[in-house]
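> here you go, sequence then predicted model.
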Protein chains: 2
Amino acid sequence: MELWFTDKHTENVHFSIKIKEHLYHGKSKYQSIDFFDSYEFGKFLTLDGYMMVNEKDEFIYHDMMVHVPMATNPLIKKVLVIGGGDGGTVRELTRYSSVEVIDMVEIDEQVVKLSQQYLPQTASKLIDPRVKIYYDDGLSFVSGLDNTYDLILVDSTDSMGPGEGLFSKAFYDNCYQALTEDGILVNQHESPYYDKEAKEMKRSHAKIKKLFPISMVYQFHMPTYPSGHWLFGFASKKYHPIDNAGFDAWKEFGLKTKYYNTNIHKGSFLLPTFVQDMLDEV
Amino acid sequence: MELWFTDKHTENVHFSIKIKEHLYHGKSKYQSIDFFDSYEFGKFLTLDGYMMVNEKDEFIYHDMMVHVPMATNPLIKKVLVIGGGDGGTVRELTRYSSVEVIDMVEIDEQVVKLSQQYLPQTASKLIDPRVKIYYDDGLSFVSGLDNTYDLILVDSTDSMGPGEGLFSKAFYDNCYQALTEDGILVNQHESPYYDKEAKEMKRSHAKIKKLFPISMVYQFHMPTYPSGHWLFGFASKKYHPIDNAGFDAWKEFGLKTKYYNTNIHKGSFLLPTFVQDMLDEV
C-alpha cells in the first residue's frame, strides 16, 4: 500500500508527500489536527489539511522568526508568542539565557498537547520554567495590555480559520500598545507568489505600516509552504532591522543556527522587484 | 475529465499541476519533450518529465541568470549561452543594445523549434540578428576556444541526461579558456534542499572553485523547481559580483525587471548557514 498526503497549494497545484504512517487524526474545537510520519520530511503536523511544521525544514521558519528580531535588539527580555502551539518558536527563544519571560498564547490546547506527544523536536522546550502558556484567543489576550513586551511574535496559521483575528487592524493596534517603546512585532506574512497568499500579504502590510514607524518585510526559503517563497513582517517602534542591529552582541550569544546568520539577516530584507512593488502599492 | 501533470521532486515528494491541454508530446534523439497549458502556470515545457520553464515564473530564472553578470560587468559584449533552448536567457540578453554577439549552443534542435511554436513568451527573441544558434554539444563546442567570450551562461538541464557533460571538469576547464580575461561564468547550480540536487551542487562547486579565482553561489526563489530554493554559480577571473559591480552603469540601461534589482543582486549572495556549510566543506 502507498499512502500519500496532499497539500493543496492552490486548487490547481498539489504538493504530495509519501507517508510512512498516519500517527494521529482528531478534531479540536477549532480545527482538524493530524500528525504523520513521512519519508522525506520526517514527522509533521497539519491543521485543517495544511502543512504546519515538519522535522526537515521547521528550522528555517523558527530561525527566521526568532533570531532576526533577537539580533536586531539582543537586549530583549520579555517576549509574547501568539500561536506557535508546536513549540518551535518557543524552543528557539529558550536558547537565550537573557530572555526572562516567554508568554505563549495558543487558542488550541490540543495542538500543544499533541505536539508534545508527536513532535518533541519542536515542542520539547515548552516545559522551560520561563515559559507560561495561556490557552486563549490571541486577539483578546493582547487587548488592554500596555507597555508589557519587548517582542511579540505572531506565529499564526493563515488568515482563514482560527488565525483570522490575528490579521485584523484591532489586533495590530493592541500589539502596538502591548509593546514597550523598544518593541518589535514579527508576524507570519504569507507569500507573494500565489494569489490567495499575495492578497493576504498586502492586506496585512497595509494595516501594519499605518501603525509602526518602521514596517518592513523579509523573505526566506520554506520548501514545504506554497511556492517555497515565504515572508515575515518586521514592525518596530525604534529599531531598524539592519541599521540598528546588534550583530556583534548577537554573535556573543554563541548560538549555532542552521539557517540564520547575520548575512542572511541582511539579505532577507532585500526583496525581488515584484514583491517590493506589491508592498509599495498598498 | 481532470488532467494532472506530476513532477517527481523526489521519489517521495510529488508536485502536480492541473492541465488545460497537453499541447505536444514527442521524443527527440536526446529526450522526451512535452508542452502543456495549465491553469496556474500558463504554458510550460517539460524534458523527460521534469519542469523546465513555464510562463508564470520563468522571469525569475532568466532575470537572475542574465542580469546578475550583466550588472557585475555592464561592458560585456560577447556572450555564449550553452543550453537554454527555450530562448528565455537569450531574450533577456537581447535587451542590452550593448551586447554584440549572442551565440547559443543547444544540443537539441527540437527544443528550439518547438519552443518557438509553443512558448513564444521565451523564444520570440531567438530571431534577433545578433543571435547565432549552433546545434551542437556544449562540451565539444567550447573545446579549443580561447579568449573569445566575456560571459558564458550555462543554462542546462540537470546533470542526469543530455546535460551531464556540462557538469564535468573538462567542460569547466574549456569554459575558463574560452573566456576573456574579464570573463564571467554563470551556471545552473542545482539546489541545497533535497539530497540529489545537493550532491550535484557540491560536485559542481568543488570543480569550479579550483579553477576560478572568484567562485561564489547565489540563490533565488523558483517556485516550480524542487524545493523552490535554487542556485546559480558565479565564477569569474577578475570581477567580484558585489565589490566590483557596476550598478550605476547597469541602472543606465533603464531595463524594467520583475525579479532582478540591484538589491536582490546583493542579497542573493548572502546564503543560509546550511548552504554555506555545504559549499565550504567541498
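Received it, and whenever you're ready, just let me know what you need.
> residues contacting A:Pro162?
When contacts are counted by C-beta atoms under 8 Å, 6 or more residues apart in numbering or on different chains, A:Pro162 is found next to A:30-31, A:107-108. All C-beta spots, glycine's among them, are computed from the backbone N, C-alpha and C.
> hang on, it in a helix?
Yes. Counting by DSSP: H, G, I helix; E, B strand; the rest coil, A:Pro162 falls inside a helix.
> just give the nearest non-adjacent residue to it, would you?
A:Tyr30 (4.5 Å; C-beta to C-beta, 6 or more residues apart in numbering or on different chains).
> quick one, phi/psi of that neighbour?
The main-chain torsion angles of A:Tyr30 are listed as degrees, to the nearest 10 and equal phi -110, psi -30.
> give me the neighbour count for the residue in the stretch 151-282 of chain A that chain B sits nearest to.
Scanning the stretch 151-282 of chain A for the residue nearest chain B gives A:Gly228, at 2.3 Å (criterion: C-beta to the nearest C-beta). The number of residues packed near A:Gly228 is 26, by other C-beta atoms under 10 Å in any protein chain shown.
> A:Leu45 too?
26.
> now do A:Glu11
Residues lying near A:Glu11 (other C-beta under 10 Å) number 10.
> cool, A:Thr180 as well?
17.
> before we move on, the earlier item: the contacts of A:Pro162: which two are farthest apart?
Largest separation among the contacts of A:Pro162 by C-beta to C-beta: A:Gln31 and A:Ile107, giving 9.3 Å.
> what about these two, which has more around it?
A direct count of neighbours by other C-beta under 10 Å for A:Gln31 and A:Ile107 places A:Ile107 higher, at 27 against 20.
> which residues touch the more buried one?
A:30, A:83, A:135-138, A:162.
> now, which of those lie within helices?
Restricting those to those inside helices, with DSSP state H as the criterion, leaves A:Gly138.
> show me which of the contacts of A:Ile107 are buried.
Buried residues within these, counting neighbours by 16 or more other C-beta atoms under 10 Å in any protein chain shown: A:30, A:83, A:137-138, A:162.
> B:Arg95: which of these is nearest?
Of all the buried ones among the contacts of A:Ile107, B:Arg95 sits closest to A:Gly83, with 44.7 Å by C-beta to C-beta.
> and that closest one, how close does it get to chain B?
Note on A:Gly83: its distance to chain B, by C-beta to the nearest C-beta, to the nearest Å, is 24 Å.
> how much space separates that residue from B:Asp146?
Remark: distance between A:Gly83 and B:Asp146 (C-beta to C-beta, to the nearest Å) = 60 Å.
> picking that back up, in JSON lines: the contacts of A:Pro162, plus pLDDT and distance to B:Ala249.
Written out in JSON lines, the entries for these read as follows (pLDDT from 0 to 100; distance: C-beta to C-beta, whole Å):
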{"residue": "A:Tyr30", "pLDDT": "95", "distance to B:Ala249": "56"}
{"residue": "A:Gln31", "pLDDT": "95", "distance to B:Ala249": "54"}
{"residue": "A:Ile107", "pLDDT": "95", "distance to B:Ala249": "54"}
{"residue": "A:Asp108", "pLDDT": "96", "distance to B:Ala249": "55"}
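> now, which of these sits nearest chain B?
Nearest to chain B among those, with distances taken as C-beta to the nearest C-beta, is A:Gln31, at 24.5 Å.
> where do the helices sit along the stretch 101-250 of chain A?
In order along the chain, the stretch 101-250 of chain A carries the following helices (DSSP state H, counting those that start in this stretch): A:109-118, A:120-123, A:138-142, A:169-178, A:195-211, A:247-252.
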